[in-house]
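In: fold the following and give me the result.
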Amino acid sequence: MRVPAQLGVMVLMAITLAGCGRAGVTAEPGVSQLLARERSARLADIRYQLRFEIPAQEREVIRARAAISFELLAAAQPLQLDFAGPAASLLSLRSNGAAVDFEFSNEHIVLPASALRAGRNQLEIEFLAGSGSLNRNPEYLYSLLVPDRARTVFPLFDQPDLKARFELTLVVPAGWLAMSNAPVLSVRQLGEQSEYHFAPSDPISSYLFSFVAGKFEAITREVGGRQMTLFHRETDPDKLALNLDAIFSQHGEAIAWLEDYTGIDYPFQSFDFVLIPGFPYGGMEHVGAIQYRASLLLLEESPPLTDQLNRAQLIAHETAHMWFGNLVTMRWFDDVWTKEVFANFMADKMVNPAFPGVDHRLNFLVNHYPGAYAVDRSEGANAIRQPLANLNQAGQLYGGIIYHKAPIMMRQLE
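Out: Reported below is the predicted structural model:
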């Protein structure tokens, strides 16, 4: 029987695609959009139980364990976990109670289909945690995993649309404090170490998972009926006294404003923050555990009005992210501009009325238009939504388009 040419091509394509489906997505460095889509279609209800043992010496290895459970909707193909550490850091892996002979290729643990089943699966992994994104110092450390760095620390499904619950246990040197995305359930003393066990987090994206541990001082206050804890390393009590009221009250005011504006109560279990010396960004909106550059919140006596405005805007921006970015999250980082532009948009609405002596229209013009025109100075124009084939390139999206051109677009739309 003769087969028409077009039909023959279609049959050949179907056979080829079916073969690819059995083999799964090819492992390549980073997290490709193809891999992300494949996992999104197969995975649900992901939960991580993580344990990190932080030694007193900064250069000692961090021993760690991960129990990862998930619903698998299709078990006929291999499944990839992301881990950008060396193969030697993977000490053992069990799937559903049995040891697994897995492949490690291009920053991925490739689990064979024979180690998986439709329905609930449980992985148990012992490993040495990567330190590159843990920002270790002699007396403290903090994780900073945006946009795709969680996989440099521990094995996981590292993509923003696969939200999961994280249940963390931290073993740290005695005398250290610890903070994460959910409240502390218990603290045990283990000789020269302390074990902090945190409640399971709300469902969050992997880039928002965070922990901080070290020699910090803790200050807890109740603001608007909500308990907030601040970690700091400031040694000047006068500077603290000058700034604490403003720091706590501005966070409380931002939450109240956003609850009223959105009609949605604060959507997470806890709201704490830590002031870190030399933090590389102004702030990072980790759920329930915001990180700030200490110098931007702890101002000198009689600070300039611009410093006061910048602090208020930074606090409002990071607080707005709890709704815009953390509760409602882009599926892929090509839409990262949305969370940033809405956080800035809301911050301006919150803060500007509190500074009537500032020409906010002029500020907006000076702060955004030169940066936007620097990106679009040629005859062509750069789209605000940039294509992104792999999460290992997501860091390149941050810049003038997101932080300058997008706000101008929002202002024009309004």
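
In: show me what the longest helix seen in the chain is packed up against.
Out: Counting residues, the longest helix in the chain under DSSP state H turns out to be helix 237-262. Other helices and strands packing on helix 237-262, by 3 or more Cβ pairs under 8 Å, 6 or more residues apart in numbering; DSSP states H and E, are strand 217-223, strand 226-232, helix 305-320, helix 336-351. Just so you know, the C-beta spots here come from the backbone N, C-alpha and C atoms, and that holds for glycine as well.

In: chain center to the second one, what's the gap?
Out: Looking back up the chat, that one is strand 226-232. Chain-centre distance of strand 226-232: 20 Å, with Cα atoms, centre = their mean, to the nearest Å.

In: again with stretch 274-286
Out: Worked out by Cα atoms, centre = their mean, stretch 274-286 lies 13 Å from the chain centre.

In: output that stretch as CSV, nothing but the C-alphas.
Out: Output of stretch 274-286 as CSV, limited to C-alpha atoms (Å, rounded to 0.1, in the frame of the first residue of the first chain):
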residue,chain,number,x,y,z
VAL,A,274,17.9,40.5,58.4
LEU,A,275,20.3,43.3,57.9
ILE,A,276,23.5,41.9,56.4
PRO,A,277,26.8,43.9,56.1
GLY,A,278,27.9,44.1,52.5
PHE,A,279,24.8,42.4,51.1
PRO,A,280,25.3,42.6,47.2
TYR,A,281,21.8,43.9,46.5
GLY,A,282,19.6,46.5,48.1
GLY,A,283,17.3,43.7,49.3
MET,A,284,16.0,40.3,48.4
GLU,A,285,12.4,39.3,49.0
HIS,A,286,12.8,35.8,50.4
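
In: name the surrounding residues that touch that stretch.
Out: Residues from elsewhere that reach stretch 274-286 (Cβ atoms under 8 Å, 6 or more residues apart in numbering): 140, 142, 144, 146, 179, 181, 208-210, 212, 216, 230-234, 289-298, 314-315, 317-318, 321-322, 325-326, 343.

In: where are the low-confidence patches of the stretch 151-300 of the chain?
Out: By pLDDT under 70, the stretch 151-300 of the chain contains no weakly predicted segment.

In: quick check: chain neighbours aside, which residue is closest to residue 44?
Out: Using Cβ to Cβ, 6 or more residues apart in numbering and skipping residues adjacent in sequence, the residue nearest residue 44 is residue 71, 4.3 Å away.

In: which residues touch that neighbour?
Out: 43-45, 119-121.

In: go on, residue 217?
Out: Counting by Cβ under 8 Å, 6+ apart, residue 217 has contacts 231-234.

In: I'd like these written out as TSV, with distance to residue 52 and neighbour count added.
Out: As requested, those are arranged in TSV below (distance: Cβ to Cβ, whole Å; neighbours: other Cβ atoms under 10 Å):
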residue	distance to residue 52	neighbour count
231	18	24
232	23	23
233	21	16
234	26	18
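
In: export the helices and strands packed on helix 237-262 to CSV and tack on distance to residue 381?
Out: Shown next, in CSV, are these (distance: least, Cβ to Cβ, whole Å):
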stretch, distance to residue 381
strand 217-223, 44
strand 226-232, 43
helix 305-320, 26
helix 336-351, 15
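
In: could I get the full set of strands for the stretch 101-250 of the chain?
Out: 103-105, 108-111, 119-129, 140-142, 164-173, 177-180, 184-190, 193-198, 211-214, 217-223, 226-232 (DSSP state E, counting those that start in this stretch).

In: closest to residue 401 out of those?
Out: Among the strands of the stretch 101-250 of the chain, strand 140-142 comes nearest to residue 401, with 28.0 Å by Cβ to Cβ.

In: mean neighbour count, the strands of the stretch 101-250 of the chain: which tops it?
Out: Per-stretch averages of neighbours, counted by mean count of other Cβ atoms under 10 Å, single out strand 177-180 among the strands of the stretch 101-250 of the chain, with a mean of 25.

In: what's in contact with it?
Out: 166, 168, 170, 172, 184, 194, 196, 198, 201, 210-216, 218, 229, 231, 272, 274, 288-289.

In: checking residue 26 next. Helix, strand or coil?
Out: Secondary structure, DSSP: H, G, I helix; E, B strand; the rest coil: residue 26 is coil.

In: pull the number of nearby residues for it.
Out: Neighbours of residue 26 under the rule other Cβ atoms under 10 Å: 14.
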